[in-house]
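Student: Here is my input, please return the structure:
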Amino acid sequence: MFKSTGKFTVFIFLILYSLVSAQEEVDLKMEDFPFLQPRKLIDCPTAGLLPRGSFDFDIRIYPEGGVITALEIGITHRLMIAISFGGENVIGEGRPNWNSDMEFAVKYRFLHESFFLPAFVMGYDGQGYGAYDDSLKRYTYKSKGFYAVISKSYLVGDVPVGLHGGMNYSLEDKDDKNLPIFIGCDIRVNEELGFVLEYDLATNDDYEDNIYGQGWGYLNFGIQWFFSKKLLLEFDLKNVFKNRKDVSTLGREFRVLYFEFF
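Tutor: As a prediction, the model looks like this:
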């Protein structure tokens, strides 16, 4: 397992490499982005990035009064970084149960999308979701850890559709060390309405003797309302297959995402 110093070294190296090797950038404005690329579907990453010189606040509200807040920053047209922190019982009574660490993420695009080829990115994301299990050193829904993703966009009539697929290795591997595959899509129906769908095979979360994944994978679905070019509201239904011993209903989450340029 990588030490925290090792993660930080890789993180800094990618930033410096991208700043040195980046192509000539142009000044961009909000009107240049009628459809902002999704950086994540729900839990699964895509090859989408924030534009250079922009940022967003991503707030997720989940069961047990949980809240996770992330700040994402577009460094160049190829590099994006993020930090996140949260915990359970943030909303409600009693003392919040904060996650043990602040997590970080970095994503670098090696190949831009073309007419024939998909966009290709590699990255790291240490933020998992749900309660943190100290005994197994993992979140209820494991972080993606190191991952590689391809994404390709299409027009179906006048409707933009994005297809995404990838593989990851989570550092939350005390109970299971396999390499899962995930796939998904996003559909932008019109200027206000969108849908996201993802399926994580979660082969790194089907260990027989724990209460978590039971071998069916995680199917998640979300409905998006683009209130404006800067504000997205999203309602998600998670774990449609009820892929845990301790659940009998679907998980429900609410997400608020605010986008802006510096």
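
Student: where does the stretch 1-150 of the chain dip in pLDDT?
Tutor: 1-35 (pLDDT under 70).

Student: what ranges do the strands span in it?
Tutor: Counting by DSSP state E, counting those that start in this stretch, one finds strands in the stretch 1-150 of the chain at the ranges 54-62, 66-74, 79-88, 97-98, 103-111, 119-125, 129-133, 138-141, 145-156.

Student: So Phe104 is in contact with Gly126, correct?
Tutor: Yes: the pair Phe104 and Gly126 qualifies as a contact (C-beta atoms under 8 Å) at a distance of 6.0 Å. C-beta: built from backbone N, CA, C; applies to glycine.

Student: Hmm, Gly92 is touching Pro63, no?
Tutor: No: here Gly92 does not reach Pro63: they are 10.8 Å apart, not a contact under C-beta under 8 Å.

Student: Comparing those two, which shows the higher neighbour count?
Tutor: For Gly92 and Pro63, the more surrounded residue by other C-beta atoms under 10 Å is Pro63, and the numbers stand at 15 against 10.

Student: excluding its backbone neighbours, what's nearest Leu231?
Tutor: Leaving aside its sequence neighbours, Leu231 sits nearest to Tyr258 (C-beta to C-beta, 6 or more residues apart in numbering; 5.6 Å).

Student: Just the pLDDT at the one you found, thanks.
Tutor: Looking at Tyr258, its pLDDT stands at 96.

Student: how far away is Gly145 from Glu191?
Tutor: 35 Å (C-beta to C-beta, to the nearest Å).

Student: Between these two, point out the one with more neighbours.
Tutor: Set side by side, Gly145 and Glu191 show more neighbours around Gly145, with 18 against 11, by other C-beta under 10 Å.

Student: From Lys238, how far off is the more buried one?
Tutor: For Gly145, the distance to Lys238 equals 19 Å [C-beta to C-beta].

Student: for Gly162, same thing?
Tutor: Going from Gly162 to Lys238 by C-beta to C-beta gives 20 Å.

Student: For the residue nearest to Leu231, what is the enclosing helix or strand?
Tutor: Under the criterion of DSSP states H and E, Tyr258 resides in strand 251-261.

Student: residues contacting the spatially closest residue to Leu36 that is not a sequence neighbour?
Tutor: Leaving aside its sequence neighbours, Leu36 sits nearest to Phe259 (C-beta to C-beta, 6+ apart; 6.2 Å). Applying C-beta atoms under 8 Å, 6 or more residues apart in numbering to Phe259 gives the contacts 36, 50, 54-56, 229-232.

Student: what residues are up against the closest residue to Leu71 other than its chain neighbours?
Tutor: Among residues not flanking Leu71 along the chain, Ile83 sits closest, at 5.6 Å (C-beta to C-beta, 6+ apart). Residues near Ile83 by C-beta under 8 Å, 6+ apart: 70-71, 102-105.

Student: 7 Å instead?
Tutor: 70-71, 102, 104 (C-beta atoms under 7 Å, 6 or more residues apart in numbering).

Student: Which of these are buried, as a PyMOL select command?
Tutor: In PyMOL, this line selects whichever of these come out buried by 16 or more other C-beta atoms under 10 Å:
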select buried, resi 70+104
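
Student: tell me which of the contacts of Ile83 is nearest to Ser248?
Tutor: Ala70 (29.5 Å; C-beta to C-beta).

Student: Return the set of residues that bridge with the nearest residue to Lys230 once chain neighbours are set aside.
Tutor: Nearest non-adjacent residue to Lys230, counting by C-beta to C-beta, 6+ apart: Phe259, 5.2 Å away. When assigned by DSSP bridges, Phe259 has beta-bridge partners Asp56.

Student: how much space between Phe259 and His77?
Tutor: Phe259 sits 16 Å away from His77, going by C-beta to C-beta.
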